[in-house]
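Student: sequence and computational prediction follow.
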Amino acid sequence: MHLIQFREIMRDAEVAHAIRPIVLKYRLTVEDTTKALLACAVSRAANVARIATGRFLNIDPPSFQEL
């Protein structure tokens, strides 16, 4: 059971790593990212979106007002 969960988490992290530049470039929210991933039929889309946007670890995204 733990090995299955580990593999799922690693797959989620790999997908999140691949889409992270797009998420940052277009300043996508967790909700927007989840919708896009669901449209692409990505399994566990909500988890991947949370990882890709930095919300998985409760990290606040950088303030874009300072840019």
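Tutor: Ah, there it is.
Student: per-residue pLDDT, Ser63?
Tutor: On pLDDT, Ser63 comes in at 54.
Student: again but with Phe56, I slipped
Tutor: pLDDT, read off for Phe56, is 63.
Student: buried residues, stretch 11-31. List them.
Tutor: Within stretch 11-31, the residues that count as buried by 16 or more other CB atoms under 10 Å are 12, 15-16, 19, 23, 28, 30. Placement of C-beta: from N, CA and C, glycine included.
Student: same question, stretch 29-41
Tutor: Applying 16+ other CB under 10 Å to stretch 29-41 flags 30, 33-34, 36-37 as buried.
Student: just the closest of these to Arg44, please.
Tutor: Leu37 (8.8 Å; CB to CB).
Student: which SSE is that closest one in?
Tutor: Following DSSP states H and E, one finds Leu37 within helix 30-39.
Student: which strands and helices sit next to that helix?
Tutor: Applying 3 or more CB pairs under 8 Å, 6 or more residues apart in numbering; DSSP states H and E, we find helix 30-39 packed against helix 2-25, helix 45-53.
Student: include mean pLDDT when you put those helices into JSON lines, please.
Tutor: Below are the helices and strands packed on helix 30-39 laid out as JSON lines (pLDDT from 0 to 100):
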{"stretch": "helix 2-25", "mean pLDDT": "91"}
{"stretch": "helix 45-53", "mean pLDDT": "88"}
